[in-house]
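*Asks:* Build me a structure from this.
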Amino acid sequence: MTNYPKPPFDTPKQPMPGKTAAMSPVPDHGEHSYRGSGRLSGKKAIITGGDSGIGRAVAIAYAREGADVLVAYLDENEDAKETKKWVEEAGRKAVLVAGDIQNPEHCRHIVDTALSELGGIDILVNNAAHQASFDDIADISDREWELTFKVNIHAMFYLSKAAVAHMKAGAAIVNTASINADAPSPHLLAYATTKGAIQNFTAGLAQMLAEREIRVNAVAPGPIWTPLIPSTMPEEAVRNFGKQVPMQRPGQPAELATAYVMLADPLSSYVSGATIAVTGGKPML
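*Replies:* Predicted structure coming up:
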């Protein structure tokens, strides 16, 4: 068993959206632990938010399972290049696409780039997200509320709609929800609300696409140690991050990778409309 660190953490506060190298401890994305077995051999995947955190762990795992990967990200170029390096070291193709998924045209550009550079789309991982912490609803601006919905749920619709038009039977969509969909944090009101919407979107789209044999599922992470945490949460919350779950520590991005692989694996052909909780022992009921 891997001996992952437990809080307290003394990682410095970062500006949004945060950088991996500035974190202490540095997250584990499975760089030196994930071993593939060809479960996604020849597949072509889009991963949003693939520059760091959960997205990087999924990109590494997918590449080692035999998939080529398009990594979509906002503007964290150094983190994105690091992800690209690990994908290419696994012998797979990596394509980087920077830009803001708030924009529906950019979402369509991501899909078009996957078609031209990878030659198709078998897997779409809707993982990118925006969050910010507030103590009072009065502190949440109209712009902040709209930004959270545009990034977290509107972009998921734009990307899924564009990708499905080019997906064949056996393709898979995997959405990143959150334990906040079931147990919303009051300090993450906008974020938690979008995560509830993602679970509903996943369940509805899974039924809509069932006859086309395109599966749609979600992963619901608990507290996961990514750059989003020190860049969006108060210092005391960061210091004690993960203490609230039974394992009393945050999960590492590497610990989610197998869930995303399982949901993309063609052998999971009867799994659709499901949410896989990866929450350090805290139940989602």
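*Asks:* where do the helices sit along the stretch 1-150 of the chain?
*Replies:* 53-64, 77-89, 104-117, 142-149 (DSSP state H, counting those that start in this stretch).
*Asks:* in the longest one, what's buried?
*Replies:* Using 16 or more other Cβ atoms under 10 Å as the test for burial, helix 104-117 gives 104, 106-107, 109-111, 113-115. Every C-beta, even on glycine, is put in place using the N, C-alpha and C of the backbone.
*Asks:* Can you tell me which of the helices of the stretch 1-150 of the chain is most buried?
*Replies:* helix 53-64 (a mean of 30; mean count of other Cβ atoms under 10 Å).
*Asks:* Quick one: list the elements packing against that helix.
*Replies:* strand 44-48, strand 68-73, helix 77-89, strand 123-126, helix 257-264 (3 or more Cβ pairs under 8 Å, 6 or more residues apart in numbering; DSSP states H and E).
*Asks:* nearest to K6, of these?
*Replies:* helix 257-264 (20.8 Å; Cβ to Cβ).
*Asks:* could you point out which element follows the closest one?
*Replies:* Moving toward the C-terminus from helix 257-264, the next helix or strand (DSSP states H and E) is strand 275-278.
*Asks:* And that next one, how far out from the chain middle?
*Replies:* With Cα atoms, centre = their mean, to the nearest Å as the basis, strand 275-278 stands 13 Å off its chain's centre.
*Asks:* So what touches it?
*Replies:* With contact meaning Cβ atoms under 8 Å, 6 or more residues apart in numbering, strand 275-278 is reached by 177, 179, 181, 199, 202, 217-222, 224, 251, 255-256, 259, 262-263, 283-284.
*Asks:* same deal with stretch 149-159?
*Replies:* 46, 48, 101-102, 104, 107-108, 110-111, 124, 126, 128-130, 175, 190-191, 194-195, 197-198, 201.
*Asks:* In the chain, spot the helix with the most residues.
*Replies:* helix 189-208 (DSSP state H).
*Asks:* Next, format the helices and strands packed on helix 53-64 as TSV and append distance to P27 and mean pLDDT.
*Replies:* Formatted as TSV, the helices and strands packed on helix 53-64 follow (distance: least, Cβ to Cβ, whole Å; pLDDT from 0 to 100):
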stretch	distance to P27	mean pLDDT
strand 44-48	16	98
strand 68-73	16	98
helix 77-89	11	97
strand 123-126	18	99
helix 257-264	12	98
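*Asks:* Present these as JSON lines; the columns should include distance to V151.
*Replies:* Listed next are the helices and strands packed on helix 53-64 as JSON lines, based on distance: least, Cβ to Cβ, whole Å:
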{"stretch": "strand 44-48", "distance to V151": "9"}
{"stretch": "strand 68-73", "distance to V151": "12"}
{"stretch": "helix 77-89", "distance to V151": "17"}
{"stretch": "strand 123-126", "distance to V151": "11"}
{"stretch": "helix 257-264", "distance to V151": "20"}
